[in-house]
Structure formats: structure tokens, C-alpha cells
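**Q** For reference, the sequence and a predicted model appear below.
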Amino acid sequence: MKFVTTITNTGDEAVDLLNEPGSVLFDLPTNQFRVTGESGADPEFSGVVVKYAYQNAIDSGDVTTIAPGQSITLERDLSETYNFVSSGAGRYTFTPNSVFRAVDRSTKEVRTIEASVNKEHVTHISGKLIVPSNKTLRKRAAFRSCSADQQGVINNAVNAALQYSYNTALYLQNTGDTTRYRTWFGTYTDDRHNIVFNHFLNIYYSDFSTYTYDCGCDKANVYAYVYPDRFREMWLCPVFWRAPLTGTDSQGGTLIHESSHYTSNGGTKDYAYGQTNARNLAINNPDQAVFNADSHEYLAENNPPL
């Protein structure tokens, strides 16, 4: 199920668009389209969710440049990105996400661009409604495509993540409306606090030492990614290997971030990347903050201490 998207710069200046998750410019199967069913039932997203090095990407110039009047065409295979089993056969409308972030080359300032969508694609889905995962054909192992050195790094990160998840669950069990909680999740309510607490219980009991870690990812400016419905499988990417073991945006924290994405652990999203954006999310939208993966990571890392 392949779709072709064309992006045209109708302005009179070149634009540098950030190659970020959620944008059709990103070449991993992230949630890049809004898919709506004619019957009112929408398919489930079954692609990957990513811990993205947002500032690194800006600083390193991980952008697609489009000259004035230029068009670029991108092909995306959505056969493993959306699951139509629960929503069923029928007519579906596919609309690419239209929000892009343009980076100023000299100042590195970022502005948001809302593109106009000239045409939505409508198609009828029938027959096999999902491509079966090949994970059942593989022998389960602790590591895939990992060197001995990488396995050692992962084992250390596992221990750090276990400690983070245990300490954070214990902290949430014994505290309520604290500065540390409000910093990452905003105005306190019992309901929102319990959501975060239950997420950390699930994360801790999922046991990082039982996961399968794949070291084959070479995607720049990405720490790691998971498929939310493929529990205990995690792909580790280049930024992960350069991160500190603990502290802000650490290896241990990355495991917390990614494990919170699993449907069975809470199904968090990536509403905001980085400490500054996560703090702003807590202020402006606490209901989203309690389902934001980086907010969970920063609560656990607690760096600087609050």
C-alpha cells in the first residue's frame, strides 16, 4: 500500500524543513498520515515511535532543502504502519500531516509552517487487512546485531533503567503535588498522578532485562524506537551510543522513554521532545503531558534534581 506525496515550495525563498518524526520527510514508519474511515472507525497505528534528538537534528542541519518553485516527491509504504483489522474493510481517506518545521540556517531558529493539502487520497481497503509481523518466525534473543561492546553498554543501561523505574514508582507512591511532579506533568490532580504512577509500575514490572535489543538502526539523530504493539522489542540508534549512562537524555532514560510507548505499559506519545518543550507542555496541556514519553523520562532522570 504505497502512497506518493509531493511537497512544493510556492514561496520566493528556499526553505530548510526538519526531517522529524511525524513528517513525511522522515524515513522510518512513523505516524505521518491522518487516516479516517468512511464508517467512522479509524485504523490503529502500528508503526514506530521514536526518541528523537530534536536539538541535535537542528544543530547538525538534518533538513530537506526545497528551492522556490521546486517540488520533491516521496513514496511511503503504509502497509505495516496502519492496522485495519479492527476498523474493517471499506473506504478510507489518507491525509499527510501538513505541519512542518523550518530551520533558519544562520540563527538555527525554528518556525512552524502549515502546508495546504491540495488532494487527499481515498481508497478502498479489503482483503488482508494487515501484513503479519515476521517476529513469530525469529528465535527470540536478548540481542540482535549487537557487538560484545554494545551488549555491555546495553546491560549497564538496563541496570540504570531498572533503578530509574523502581525509584520513580516508589517516589510517586509516596508523594503527591510536588515541584518535581508539576514540572513535568503540570497542575496536580489525583487522576493524572495515578496515570503516571501506573505507567511506572508497568514499566518496572515489564523488566528491561527480558527485552530484545536490536543494534541495527543507523538513523541519524535518533536514540531509539519501538513498535508499541511489539512488547519488549527495542531498536537502538546512533545517538543512544553517544549518550551518558545516566543524567539528561541518558541511555537509562532512553529505555524509560521507549518502554513507556508500549501499549501494555501506557501507550505514551511524543507530543513534545526535550526538557524545554516538555516543561511547556506541562504548563499548557497537562492531559497530554501525562501521556508524553519525554516527560516520563525526565521525571525519572530528575536532572537537575527537583
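**A** Good, I have the coordinates.
**Q** in the stretch 201-306 of the chain, which spans are helices?
**A** 238-242, 251-261, 275-284, 286-289, 293-301 (DSSP state H, counting those that start in this stretch).
**Q** of all those helices, which lies closest to Gly90?
**A** Closest approach to Gly90 among those is made by helix 251-261 (28.3 Å; C-beta to C-beta). Heads up, the C-betas are built off the backbone N, CA and C, glycines and all.
**Q** Check which helices and strands that closest one sits against.
**A** Helices and strands touching helix 251-261, by 3 or more C-beta pairs under 8 Å, 6 or more residues apart in numbering; DSSP states H and E, are strand 49-52, helix 148-174, helix 190-206, strand 222-226, strand 233-236, helix 293-301.
**Q** where among the ones you listed is the average confidence lowest?
**A** Per-segment mean pLDDT for these reaches its minimum on strand 49-52, at a mean of 90.
**Q** Including mean neighbour count and distance to Ala142, could the helices and strands packed on helix 251-261 go into a markdown table?
**A** What follows is the helices and strands packed on helix 251-261, written out as a markdown table (neighbours: other C-beta atoms under 10 Å; distance: least, C-beta to C-beta, whole Å):
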| stretch | mean neighbour count | distance to Ala142 |
| --- | --- | --- |
| strand 49-52 | 28 | 21 |
| helix 148-174 | 17 | 8 |
| helix 190-206 | 18 | 15 |
| strand 222-226 | 26 | 16 |
| strand 233-236 | 24 | 11 |
| helix 293-301 | 27 | 23 |
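**Q** Out of the helices of the stretch 201-306 of the chain, the one nearest Thr212 is which?
**A** Taking C-beta to C-beta, helix 251-261 is the member of the helices of the stretch 201-306 of the chain nearest to Thr212, at 12.5 Å.
**Q** just to revisit the earlier point, could the helices and strands packed on helix 251-261 go into JSON lines alongside distance to Thr263?
**A** As requested, these are exported to JSON lines (distance: least, C-beta to C-beta, whole Å):
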{"stretch": "strand 49-52", "distance to Thr263": "10"}
{"stretch": "helix 148-174", "distance to Thr263": "17"}
{"stretch": "helix 190-206", "distance to Thr263": "10"}
{"stretch": "strand 222-226", "distance to Thr263": "10"}
{"stretch": "strand 233-236", "distance to Thr263": "13"}
{"stretch": "helix 293-301", "distance to Thr263": "13"}
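**Q** Out of these, which is closest to Asp214?
**A** Within the helices and strands packed on helix 251-261, the stretch nearest Asp214 is strand 233-236; the backing value is 4.6 Å (C-beta to C-beta).
**Q** closest one to Pro43 among the helices of the stretch 201-306 of the chain?
**A** Closest among these, once you apply C-beta to C-beta, is helix 251-261, at 18.2 Å.
**Q** Any idea how far the closest one is from the middle of the chain?
**A** Here helix 251-261 shows a centroid-to-chain-centroid distance of 11 Å under the convention C-alpha atoms, centre = their mean, to the nearest Å.
**Q** With stretch 63-76 instead?
**A** Computed by C-alpha atoms, centre = their mean, the chain-centroid distance of stretch 63-76 equals 24 Å.
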